[in-house]
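Undergrad: predicted model, plus sequence, below.
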Amino acid sequence: MAESITITDNRTGESFEIPIENGVVSSHEWQKHLPGIWFYDPGLMSTAMAESSITYLDGDQGILRYRGYPIEQLAEESTYLEVSYLLLHGELPNKEQYDKWVNDITHHTFIHENVRKRFLEGFHYDAHPMGILVSAVAALSTFYSDAKNIFDPASRDKQIVRLIAKMPTLAAAAYRFSVGMPFVYPDNSLSFPANFLSMMWKIAEPRYEADPRLVRAMDVLFILHADHEQNCSTTAMRVVGSAHADPYSAAAAATAALYGPRHGGANEAVIKMLTEIGSLDNVSDFVKSVKEGHGRLQGFGHRVYKNYDPRAKIVKRTAYEVFEVTGKNPLLDIALKLEEVALSDDYFISRRLYPNVDFYSGIIYQAMGFPVDMFPVLFAIPRISGWLAHWNELLEEDAKIVRPRQCYVGSDVRDYVPMEKREFES
Ligand SMILES: CC(=O)SCCNC(=O)CCNC(=O)[C@H](O)C(C)(C)COP(=O)(O)OP(=O)(O)OC[C@H]1O[C@@H](n2cnc3c(N)ncnc32)[C@H](O)[C@@H]1OP(=O)(O)O
Ligand SMILES: O=C([O-])CC(=O)C(=O)O
């Protein structure tokens, strides 16, 4: 029997059957029977924003799959570039497709000299690298006028390749600029993650080659961050994309959303929190203060996961692999203790608050030498693949422009009062 709900309109006494498909009521069906009755849904907590075949997420079970493939298998066996192909094309590539994809991305890693010389170097010396990235991604739209051809699939593919390829170059350039070091050109003989690490850390000719274990860890972290269905930044991408803006402008909006401490900035907040806690002896008092309403446990809780974030488990494991090379980050012990205390405390259990992807990622990044300012930038590098997959999907479906309604709570109609007759309460 098909699932449905019966709604009785008490104003007219009429009843309607409204079908439910996969737990969702279609707004078209709703509006057909009840035009002008909106849902008040702040934070869109009860709204499915789109139909999507990219990422499956079951927050109660802690399941995440890209195009049907479990995140655990992809993190174990795949590479970030293969995953980006999968997210964008829907299927894993064969050898020929993969080689072409890697080749295309590799040959678009350079940025226009004017982006570097005139644009990036124009920022204030202490500019935040994520602020630089937001602006630089937006600026790319002015360098590629063909990006406006959003209904030409060949042009779309070209912008997709450019954006995926140039994100690490822009990210590393933003970092180097913010610490006063010279720009490093891409080394296209290296893999995608190794090239990024070279652009970050190279200090002398002829080349920089990172430890292969760190290269692999970087790639795994890129895989884990590549997509996460309708998160805040992807929603920003979809909202701006739905107005048919070019992909650079839409991706700049998404990058700006990711800059927020509630989203991509949370792992920076985790490091700050762990540093402030300072010692294992202070963990219990800190948890007590969170329960009393003094701040939040950073890197804990999630709008969708009401279970352990499956990515956090992989990040935690990866931390130990990284520490074999870098030495242990002393903040790890405080994080482990904090997790132990929180997961046995009724406050966190009853609210189903578990570690999310950000809880352990900052500890790894810090051990690898990244300053905290770079953490959201590291998130944006792979998330561009997810943003673009959603952008492509919405254009293929000719999705409607996003335009929700509101509940107006302002003044009732009133007459304009000339300034000399206005009476203000002091
Ligand atoms: C990649 C990512 O973006 S993952 C998320 C990264 N962000 C963080 O780690 C920041 C810390 N976490 C949070 O602020 C939240 O859990 C969010 C923003 C991720 C999700 O927020 P929402 O789904 O809107 O949950 P909401 O804010 O309504 O919280 C529900 C309850 O849990 C509590 N809660 C939620 N997160 C936390 C936390 N980290 N620490 C303590 N309490 C928390 C809230 O106080 C609230 O309690 P109440 O019902 O007594 O008022
Ligand atoms: O899904 C979310 O709301 C946040 C998140 O974990 C992500 O974007 O990776």
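TA: Alright, I've got the coordinates. Ligands and ions are numbered 1, 2, ... in the order given.
Undergrad: distance check, residue 313 against ligand 2.
TA: From residue 313 across to ligand 2, the span is 14 Å (Cβ to the nearest ligand atom, to the nearest Å). The way it works is simple: take the backbone N, C-alpha and C, and place the C-beta from them, glycine included.
Undergrad: for residue 22, see how far away that residue is.
TA: Going from residue 313 to residue 22 by Cβ to Cβ, to the nearest Å gives 27 Å.
Undergrad: what about those two, which has more around it?
TA: residue 313 (17 against 7; other Cβ atoms under 10 Å).
Undergrad: that one: which element?
TA: Residue 313 is part of helix 310-326, with elements assigned from DSSP states H and E.
Undergrad: with just CA atoms, put the helix or strand following that helix into PDB.
TA: In the C-terminal direction, the helix or strand that comes right after helix 310-326 (DSSP H and E) is helix 331-343. Extracted in PDB, the C-alpha atoms of helix 331-343 (Å, rounded to 0.1, in the frame of the first residue of the first chain):
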ATOM      1  CA  LEU A 331      46.400  17.600  21.800                       C
ATOM      2  CA  LEU A 332      45.400  14.100  20.800                       C
ATOM      3  CA  ASP A 333      45.300  12.900  24.400                       C
ATOM      4  CA  ILE A 334      43.100  15.700  25.400                       C
ATOM      5  CA  ALA A 335      40.800  15.000  22.500                       C
ATOM      6  CA  LEU A 336      40.500  11.300  23.300                       C
ATOM      7  CA  LYS A 337      39.700  12.100  26.900                       C
ATOM      8  CA  LEU A 338      37.200  14.700  25.900                       C
ATOM      9  CA  GLU A 339      35.500  12.200  23.700                       C
ATOM     10  CA  GLU A 340      35.500   9.600  26.400                       C
ATOM     11  CA  VAL A 341      34.000  11.900  29.000                       C
ATOM     12  CA  ALA A 342      31.300  13.300  26.600                       C
ATOM     13  CA  LEU A 343      30.200  10.000  25.300                       C
END
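Undergrad: and the next helix-or-strand element following helix 331-343, what does it pack against?
TA: Following helix 331-343 in sequence order, the next helix or strand is helix 346-350 (DSSP H and E). Using 3 or more Cβ pairs under 8 Å, 6 or more residues apart in numbering; DSSP states H and E as the contact test, no helix or strand touches helix 346-350.
Undergrad: same for the next helix or strand after helix 346-350, what does it pack against?
TA: Sequence order places helix 358-367 as the next helix or strand after helix 346-350, per DSSP H and E. Counting contacts by 3+ Cβ pairs under 8 Å, 6+ apart, helix 358-367 packs against helix 212-224, helix 266-277, helix 310-326, helix 331-343, helix 375-396.
Undergrad: what about the one residue in the stretch 51-200 of the chain that gets nearest to ligand 2, is that helix, strand or coil?
TA: Relative to ligand 2, the nearest point of the stretch 51-200 of the chain is residue 57 (7.5 Å; Cβ to the nearest ligand atom). At residue 57 the chain is in strand, as set by DSSP: H, G, I helix; E, B strand; the rest coil.
Undergrad: list the contacts of it.
TA: By Cβ atoms under 8 Å, 6 or more residues apart in numbering, the contact set of residue 57 is 63-65, 228-229, 304.
Undergrad: what's the closest of those to residue 255?
TA: Taking Cβ to Cβ as the measure, residue 255 lies nearest residue 228 of the contacts of residue 57, at 15.0 Å.
Undergrad: quick one on the thing from earlier: ok, so of the contacts of residue 57, who is nearest residue 128?
TA: Proximity of the contacts of residue 57 to residue 128 was ranked by Cβ to Cβ; the top entry is residue 228 with 23.2 Å.
Undergrad: OK, contacts around the closest residue to residue 91 other than its chain neighbours?
TA: Using Cβ to Cβ, 6 or more residues apart in numbering and skipping residues adjacent in sequence, the residue nearest residue 91 is residue 67, 7.3 Å away. Residues in contact with residue 67 (Cβ under 8 Å, 6+ apart) are 53-55, 86-87, 90-91.
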